[in-house]
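1. got a predicted structure here, sequence first:
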Amino acid sequence: MGNTLCGAPSAPTQATTHDAHDHDAECTYGSSGTEVECKHLLNVRRSVCHEETAHMNFVSLIWKYAHRLALDSKDIEGGEVPQWIESRCQQIETISSSSRTYAQMNCLLRQKFLAADDFLEFFSKILWGNHMYAVDFAWEVCNVDGGDDIISKDSLPAKDVIQFFVQTGILVHYMHLDHAFEVVDNGSLGLREPRNLNGEQNIIQSLANSLMEYSASARGLSTFEYGGHTNTNATSGTIEDDASITKREFIEWQRKVVPDLLHNGIVRFFHVLFFPPEKSGDPSFANERQSALFRRYNRLLPILHSSQEKVPRIASRLKKGEVVPSTSAVFGKNHVEIKEKKNGDSVGCAAKTAFSPPMFVFTTISASKLGNEWYRLFSGTEDGWTFNQLEHSIIGYQGPTLIIIQASSNQHPNGSVTFGAYTASKWEKNKKNFFGSTDCFLFQLEPTLRVMKSLPKMGTRGGHYMYFHSTTNVVSSNPAKKDEMIEGLGFGGTIRKPRLFIDRTLEECNVSSHDTSFEEGLLGFPPSNNLLISSSGYSPYPSSSLSTSLHIDSLEIYAVGDDDTIRRGFQALLQYREIADANLKNARTVDKAAFMGDLRSGVIESKAFAHLGQVDGRANGALRDEDGKLNGL
């Protein structure tokens, strides 16, 4: 055995034989971890500390022993490592060796593993205790300098902190997906699909902008300036890399804007690191001796589906893990590119494995509301840019929906903005007023993340959550009466001017920064290059609402929520359409019967075809009267 890290225990020990009363083994720190789980953590530490770690990937090393101990192997030290574990360790090295953030994390993990006095206390609190300890870990990682030293700073660059959480999310995503990797030409493992590096940087920038905007607002600043230098780029409007925030500001922003960021980032990372995912579908794994220390996790990021997959004749032709191929302007393709021609009976492709930066942001806003399987109900690009088609796609579906819009502006020819709304209420047609509940929110995804939650109705104030008005198939009892309700779909504001409104042409979207039904916050482009326009109650424009009209480039609507909610939603949609089709068929039958009755009674001959006799008269320069006499012009 090579040189060991100083402070390492004398020998590795199997999880089932370790003394329960060893240091920290009883896990009496207010955590909810079981005794078996706490023993497992200690045994992983022992095994890792006896491995030669010079120039090794520490995260990969931890994962290797977490797997082997979870398998309940009899020979931990020097024993043969199953090939699938070796592959997983190579996979994690493929991802975690490409970033300075991962190098900083490796350094801090090494120090935490050597700290025998508080090892179990520290990791137990992150895993099962107060998630705020995850913030402490993130702060320490970002404080690691170029070497192995940790320099304690109260304030850190916002972009560094955000990058840590996004990079951790990327790591967690790929730790769940064995099938995301393949053997490349040189024999090493590589990703089946390339990472969207530009998209990752855009999301890091958007989150950093949001964090800095909140920090500036909390400090009462409409522009952000510290220490004699401005941290906002006057040309691009983006946050400079040295713009700093405190830990308290980060915690407050995280709780308000991205409440699931900690759980889906560093907390989930440590759960997966210490308690690896099961290797489903692998007979060799099923035959291995294993314990409950392997866990079954949901994917970190949702899978995108087409609503066609709910059609029985199509669903029956999809194999397990396949999706109907589709492409989103925001999320990209939902499938892995087909390299070889498939069997003609299959209509699906393997689901996408690449990390989706925009999707990650949605999981940090509310993973529980949005669920793990999204079904696209409408896409302007694929379904057609008509309000009738949009109405047909969503009216009748009874479940939560997510609307995502990409838009542009003549005033910002080189940029675009991504925003939209979530609602848990079903869409209803031609209500006389607004409808829905407080279970909804508005959001902007890029260039600055903002989340504007709904406000409770106070008397006659507020409560304007959802709006939908269409004149399709509407017959007015008084055609001369003008319909004063604008036709389209919206949220908030008033009937004449909703806060977010998509008109019936699906070409323009009007947005504003203030109303009485949602928190304050800008949707769309800022009025200047300064992105630090505050949201959620700290606007530098408290006395007026900034309004603008944007051109819609992409419009997509998704059915979201847990599996049971989506199943019930599509059942309701199917029933709605069956009833609508039956009513239409019945109306046609009634019209046909009435037509035949009129034909037999002579009504049609005397009225519907009366113009034929009149036309005959016109041919001779005269019209016939009711008695058949010609009357000159």
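-> Good, I have the coordinates.

2. in the stretch 201-350 of the chain, which spans are strands?
-> Using DSSP state E, counting those that start in this stretch, the strands of the stretch 201-350 of the chain run over residues 225-226, 229-230, 244-246, 303-306, 322-323, 327-328, 332-333, 349-350.

3. between these, which one is nearest to His271?
-> Of all the strands of the stretch 201-350 of the chain, it is strand 303-306 that lies closest to His271, at 20.8 Å by CB to CB. Just so you know, the C-beta spots here come from the backbone N, C-alpha and C atoms, and that holds for glycine as well.

4. quick one: the closest one to chain centroid distance?
-> Its chain's C-alpha centre and that of strand 303-306 lie 12 Å apart, by CA atoms, centre = their mean, to the nearest Å.

5. how about stretch 445-457?
-> Worked out by CA atoms, centre = their mean, stretch 445-457 lies 14 Å from the chain centre.

6. buried residues, that stretch. List them.
-> Leu445, Glu446, Pro447, Thr448, Leu449, Arg450, Val451, Met452, Ser454, Leu455 (16 or more other CB atoms under 10 Å).

7. just stretch 316-330 next, same as before
-> Leu318, Glu322, Val323, Val324, Pro325, Ser326, Ser328, Ala329, Val330.

8. mind putting those residues in CSV, distance to Leu522 and pLDDT included?
-> Formatted as CSV, these follow (distance: CB to CB, whole Å; pLDDT from 0 to 100):
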residue, distance to Leu522, pLDDT
Leu318, 42, 90
Glu322, 41, 91
Val323, 35, 94
Val324, 36, 94
Pro325, 36, 93
Ser326, 31, 93
Ser328, 24, 95
Ala329, 22, 94
Val330, 19, 95
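
9. for these, which one is nearest Lys112?
-> Lys112 has its nearest neighbour among those in Val330, at 37.8 Å by CB to CB.

10. so Ser210 sits against Glu446, correct?
-> No - in terms of CB atoms under 8 Å, Ser210 does not count as a neighbour of Glu446; the distance is 10.2 Å.

11. what sits against the spatially most central residue of the chain?
-> Centroid-nearest residue in the chain, with CA atoms, centre = their mean: Phe362, separated by 3.0 Å. By CB atoms under 8 Å, 6 or more residues apart in numbering, the contact set of Phe362 is Pro302, Leu370, Leu402.

12. got a pLDDT number for Met132?
-> Note for Met132: predicted pLDDT of 84.

13. residues near it, how many?
-> Around Met132 there are 14 other residues, counting by other CB atoms under 10 Å.

14. and Tyr422, what element?
-> Per DSSP states H and E: Tyr422 is located in strand 412-423.

15. run through who's touching that strand.
-> So strand 412-423 is in contact with 330, 358, 366, 369-370, 400-409, 436, 439-447, 465-466, 491, 500, 511, 523-525, 550, 553, 560, going by CB under 8 Å, 6+ apart.

16. TSV for the strands of the stretch 201-350 of the chain, including distance to His40?
-> Converted to TSV, the strands of the stretch 201-350 of the chain look like this (distance: least, CB to CB, whole Å):
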stretch	distance to His40
strand 225-226	45
strand 229-230	49
strand 244-246	36
strand 303-306	31
strand 322-323	36
strand 327-328	40
strand 332-333	38
strand 349-350	33
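
17. hang on, Ala354 packs against Leu191?
-> Yes - using CB under 8 Å, Ala354 is in contact with Leu191, at 7.3 Å.

18. list residues touching both of those two?
-> Contact criterion CB under 8 Å, 6+ apart; residues shared by Ala354 and Leu191: Ala180.

19. for stretch 400-412, what is the average pLDDT?
-> Averaging pLDDT residue by residue across stretch 400-412 gives 93.

20. repeat that for stretch 39-57.
-> Per-residue scores along stretch 39-57 average to 83.

21. repeat that for stretch 437-444.
-> Mean predicted confidence for stretch 437-444 is 97.

22. in that stretch, which residues are buried?
-> Neighbour count says stretch 437-444 has Thr438, Cys440, Phe441, Leu442, Phe443, Gln444 buried, by 16+ other CB under 10 Å.

23. one step back: now, the buried residues of stretch 445-457 that are in strands?
-> Among the buried residues of stretch 445-457, the members falling in strands (DSSP state E) are Leu445, Glu446, Arg450, Val451, Met452.

24. pick out the most distant pair among those residues.
-> Glu446 and Met452 (15.4 Å).

25. what about the nearest residue to Met132 once chain neighbours are set aside, neighbour count?
-> In space, Met132 comes closest to Ile251 once its chain neighbours are excluded; the distance is 6.8 Å by CB to CB, 6 or more residues apart in numbering. Neighbour count of Ile251, defined by other CB under 10 Å: 13.

26. try Asn130
-> For Asn130, the count of nearby residues is 12 (other CB under 10 Å).

27. so it versus Asp439, what's the distance?
-> Applying CB to CB, to the nearest Å, the value for Asn130 to Asp439 is 27 Å.

28. how about Leu69?
-> Distance, Leu69 to Asp439, by CB to CB: 43 Å.

29. ditto for Glu487
-> Distance from Glu487 to Asp439, by CB to CB: 26 Å.

30. can you check Tyr65 too?
-> For Tyr65 relative to Asp439 (CB to CB), the value is 44 Å.

31. ditto for Lys453
-> Taking CB to CB, one finds Lys453 at 10 Å from Asp439.

32. what's the answer for Tyr467, then?
-> Applying CB to CB to Tyr467 and Asp439 gives a distance of 16 Å.

33. now Lys125
-> Lys125 sits 32 Å away from Asp439, taking CB to CB as the criterion.

34. Glu446 too?
-> Between Glu446 and Asp439 the distance, using CB to CB, works out to 24 Å.

35. fine, thanks again, bye for now.
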